[in-house]
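1. output the structure for:
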Amino acid sequence: MKYNDGPFDLVDDLAERTNGIAINKSENGTFELANTRAFRQMIFSKSYRLPTPTPHHPPMVAPPPPLTATFWTSFWKNKIPHNARNVWWRLLINKLPSGLHLHSIIPDMVEPLCRVCGTDLETSQHLLFSCPKKLEVWQAALSRYMEERTWTADYICSLFFPDPDPVKPLHDIPIFILIGTILASIWRYHHAFVRENQAFEPRTVLAAVDLAITQVCAQLAEKKRQSEEREPPPPVELPLVENNFPT
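-> Numbering: from 1, shown residues only. From the prediction side, this is the model:
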């Protein structure tokens with residue numbers, strides 16, 4: 001006959017083992033010492049562990065030239081059209097949404113080829129300058145509003161970076177305003193092509209460039225007129241009067 005000796009004095013073996021489970025390699029990296037945040041993160045990572053995506057490295061592109069603090073100061077102070085400044089800034093830091101850049105982020109959704117010409121990789125330079133249809137717009141516009149020279153895609157791109165070769169705009173249009181106005185028009189029609197599937201026709205874009213530059217010239221002329229009106233008139237020199245009275 002067996003007798004009941006009463007409850008056994010058992011050690012809480014499960015609690016000891018649980019408290020000793022390591023969460024990480026820090027000093028507070030066990031269940032007993034860890035905070036609630038570390039506990040939640042460990043449980044979530046165990047329960048909802050997702051497969052680690054394979055890193056996708058973009059093709060090598062030429063790094064942008066070094067940009068000094070002096071250049072950035074002049075860039076933000078110069079008169080650049082507002083609708084072109086952001087695009088210009090993204091070109092300088094190599095963060096334009098070109099096909100090549102987007103393909104490096106979402107390769108299953110965006111192809112690296114140019115979406116306008118469909119033949120070359122759409123780098124930042126190709127996106128704005130080297131694409132045949134966009135280069136046609138640049139060459140026609142610059143031939144109308146700048147001194148005559150050979151306009152290559154590389155040379156046009158260099159105008160947006162530090163220390164370009166000196167050029168002389170016509171009609172007294174500041175160089176930053178001129179190339180910024182052309183850039184803004186090309187960018188607007190590029191997005192109309194990508195988002196709304198509108199054809200990128202160089203003649204249509206060039207007409208928009210001409211209209212925008214005409215408006216810029218009118219605004220510059222009006223500002224000059226207002227500035228001249230605010231200036232005080234030059235002093236009038238009165239003729240000397242001879243005193244004929246006897247002293």
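2. residue 110 and residue 103, how far apart?
-> Distance, residue 110 to residue 103, using C-beta to C-beta, to the nearest Å: 5 Å. For the C-beta atoms, the positions are set from N, CA and C on the backbone; glycine is no exception.
3. for residue 113, grab phi and psi.
-> In terms of degrees, to the nearest 10, the main-chain angles of residue 113 are phi -70, psi 150.
4. okay, now the unreliable bits of this structure?
-> Low-confidence segments of the chain (pLDDT under 70): 1-65, 233, 238-247.
5. quick one, longest helix in it?
-> helix 202-230 (DSSP state H).
6. which elements pack onto that helix?
-> helix 132-145, helix 175-196 (3 or more C-beta pairs under 8 Å, 6 or more residues apart in numbering; DSSP states H and E).
7. dump the last one to CSV, keeping only the CA atoms.
-> As requested, the backbone C-alpha atoms of helix 175-196 are provided in CSV (Å, rounded to 0.1, in the frame of the first residue of the first chain):
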residue,chain,number,x,y,z
ILE,A,175,23.1,81.4,-68.7
PHE,A,176,21.5,79.7,-65.6
ILE,A,177,18.1,80.9,-66.5
LEU,A,178,18.4,79.9,-70.2
ILE,A,179,19.6,76.3,-69.7
GLY,A,180,17.3,75.9,-66.7
THR,A,181,14.3,76.9,-68.8
ILE,A,182,15.2,74.4,-71.5
LEU,A,183,15.8,71.7,-68.9
ALA,A,184,12.4,72.3,-67.3
SER,A,185,10.6,72.0,-70.6
ILE,A,186,12.3,68.7,-71.5
TRP,A,187,11.6,67.3,-68.0
ARG,A,188,7.9,68.2,-68.2
TYR,A,189,7.5,66.5,-71.6
HIS,A,190,9.5,63.5,-70.4
HIS,A,191,7.1,62.9,-67.5
ALA,A,192,4.1,63.4,-69.8
PHE,A,193,5.5,60.6,-71.9
VAL,A,194,6.2,58.3,-68.9
ARG,A,195,3.1,58.9,-66.9
GLU,A,196,0.5,59.8,-69.5
